[in-house]
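Engineer: A structural model of the following input is requested.
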Amino acid sequence: MADITSEFLAAELEVAERLRAGRSKMLEPQDLPGRYGRVIRAIDRLLERVNCGAVVAGGWAVWRHGYLGRVTQDVDIVIPADRIDELLRVAAVSGFTVLPARAGIWPKLLHKESGINVDILPEGAIPGTSSKPAPTPIPHPARLGAEGSHLTYIHLCGLIELKLAAGRTRDESDVIELIRANANQIDTLREHLRGVHDHYGAYFDSLVTRAIEETD
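Structural biologist: As a prediction, the model looks like this:
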């Protein structure tokens, strides 16, 4: 995380304005402005070297799918389980620091040039908490929209699936905003989530109700 200085704040405000003005043209992660675009392109170089695709999840995917107020300082990416060790080795000699791992914490990188953290969401890991784990693991990124050996945004169904799996208050708020921004896709989302697990279907329906009630 960069130090909070007047220069840092000015740069972030400039990025925010560019995001607001250019969202209709920023269709891919590589289109993000400033240091966010730089870290995306640096991750792309890692993915090319380890020959795998990955998807951007988390706050940037929430922004891309319509919740314009949801930007973040980090980049969350879903990586295939069989590529994580190799990606970490390559990252350590390619402009990233592999941050010290703690028990139960997923891998995290620091992009040295931009100061941005990259949170790795491993395929097969169980989201949620120790007291309330998700009923399903993180899918392979190919099921979430990954293509080729570069970053793409996670598709909306997969994003909401991961948000419901995590189940935090912040994730619920994101889902409610995504429901409002994509009201014409509620039936498609419900069908997808019920096909993954009954829990997600019921959870989603409760948030649809909240989205309607809290709008009134």
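
Engineer: And the longest strand anywhere in the chain, what does it pack against?
Structural biologist: As assigned by DSSP state E, the longest strand anywhere in the chain is strand 116-122. The contact analysis (3 or more Cβ pairs under 8 Å, 6 or more residues apart in numbering; DSSP states H and E) places strand 116-122 against helix 34-50, strand 75-79, helix 84-92, strand 108-111. (Each C-beta comes from the backbone N, C-alpha and C, glycine too.)

Engineer: where along the protein do the strands fall?
Structural biologist: For the chain, the strands defined by DSSP E occupy 54-57, 75-79, 96-98, 108-111, 116-122, 151-153.

Engineer: Just checking: what are the partner strands of the first one?
Structural biologist: According to DSSP bridges, strand 54-57 forms sheet pairs with strand 75-79 (antiparallel), strand 151-153 (parallel).

Engineer: among those strands, which is the most enclosed?
Structural biologist: Neighbour counts (mean count of other Cβ atoms under 10 Å) averaged over each of the strands paired with strand 54-57 peak at strand 75-79, with a mean of 26.

Engineer: That one to strand 116-122, inter-axis angle?
Structural biologist: Between strand 75-79 and strand 116-122, the angle comes out at 30 degrees (axes from the mean of the first three to the mean of the last three Cα atoms, to 10 degrees).

Engineer: How far does strand 75-79 sit from its chain's centre?
Structural biologist: Mean-position distance between strand 75-79 and its chain equals 6 Å (Cα atoms, centre = their mean, to the nearest Å).

Engineer: just stretch 102-121 next, same as before
Structural biologist: With Cα atoms, centre = their mean, you get 13 Å for stretch 102-121.

Engineer: Please consider this matter closed, and thank you.
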